[in-house]
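Need the 3D shape of this:
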Amino acid sequence: MTGKRQRILRGMLEVVGGQGYEQATVQDAIARVGLYRQAFYDNFQDKEDCYLEALEAGSAWIELAMRRAIGDDLGWRDQLRGALTGLLGFLDDEPEIGRALLVEVHAAGPRAVAKRTEAMERAARAVDLAREESQDDAPAISAEAVVAGVLAVLHSRLAGREDGTFTRLLPELMYLAVLPYFGAEAAAEEMRSEPA
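Numbers count the residues shown, from 1 in each chain. Predicted coordinates for the structure are as follows:
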């Protein structure tokens, strides 16, 4: 992927997160990154095409931040704590991109929603790996509910522009994820943990 292409994708996410999908324009995105209109149309058909690709790129950026934060931790709870630390830190650093990825998706239409659904399904599969370490008593819907709950909390705060507040949510989000798999005592331990 070219440097110009990457810059345009980032610019699109930043303007969509800042202005909303409906109000964001191609001109806004290229102006944000200091490129010309031709550079945009050399790489993308239109705003929707660019935004859909930007969703994939932005999801990859978040997943990379999550993997980096996990480190060498072997247990599911430690891996999840690392992944959430990476996600929340990314949102603290890049709230406009977070809004573009998690809040503005519905405004962009069904193709964008489908891409977010794919990302949520990947996340649910990762969460459900807890069964390997737990008593496997959690209802089948647990992973989906955990991911939807985390998304709802993040969506609410991003939509309300509560920037810079994400990392402190770590203990509560860990509680939410640990509870169905490991029970109330283990979840309470997470609430007593300090955010990273």
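
pLDDT wise, what is Met1 at?
On pLDDT, Met1 comes in at 53.

Over to Ala100?
96.

And for the one 4 residues further on?
At Glu104, the model reports a pLDDT of 96.

One more: Ala188?
93.

any idea which element it lies in?
Using DSSP states H and E, Ala188 falls within helix 170-192.

Which strands or helices does that helix pack on?
Using 3 or more CB pairs under 8 Å, 6 or more residues apart in numbering; DSSP states H and E, the elements in contact with helix 170-192 are helix 76-93, helix 142-159. C-beta: built from backbone N, CA, C; applies to glycine.

To Pro171, which of these lies closest?
Pro171 lies closest, by CB to CB, to one member of these: helix 76-93, at 9.5 Å.

Could you list the residues in contact with the closest one?
Residues outside helix 76-93 that contact it (CB atoms under 8 Å, 6 or more residues apart in numbering): 61-62, 65-71, 73, 97-98, 126-127, 129-130, 132-133, 150, 154, 158, 163-167, 169-170, 173-174, 177-178, 181-182, 186, 190, 193, 196.

For PyMOL, write a command that selects the buried ones of those.
What follows is the PyMOL syntax selecting those of those that are buried according to 16 or more other CB atoms under 10 Å:
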select buried, resi 61+62+65+66+69+70+97+98+126+127+130+150+154+158+163+166+167+169+170+173+174+177+178+181+182+190
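
Buried residues in stretch 92-101, which are they?
Glu94, Pro95, Glu96, Ile97, Gly98, Arg99, Ala100, Leu101.

Which one of the residues you listed is nearest to Gln38?
Ala100 (23.8 Å).

Quick check: the gap between the residue located most distally from the centre of the chain and Ile141.
What lies farthest from the middle of the chain is Gln38; by CA atoms, centre = their mean that is 30.4 Å. Gln38 sits 49 Å away from Ile141, taking CB to CB, to the nearest Å as the criterion.

Check the offset of stretch 44-51 from the chain's centre.
Centroid displacement of stretch 44-51 relative to its chain, using CA atoms, centre = their mean, to the nearest Å, is 21 Å.

Residue numbering should commence at 795 henceforth.
That works, and once the first residue is 795, the last one we named lands at stretch 838-845.

mean confidence for it?
Mean predicted confidence for stretch 838-845 is 96.
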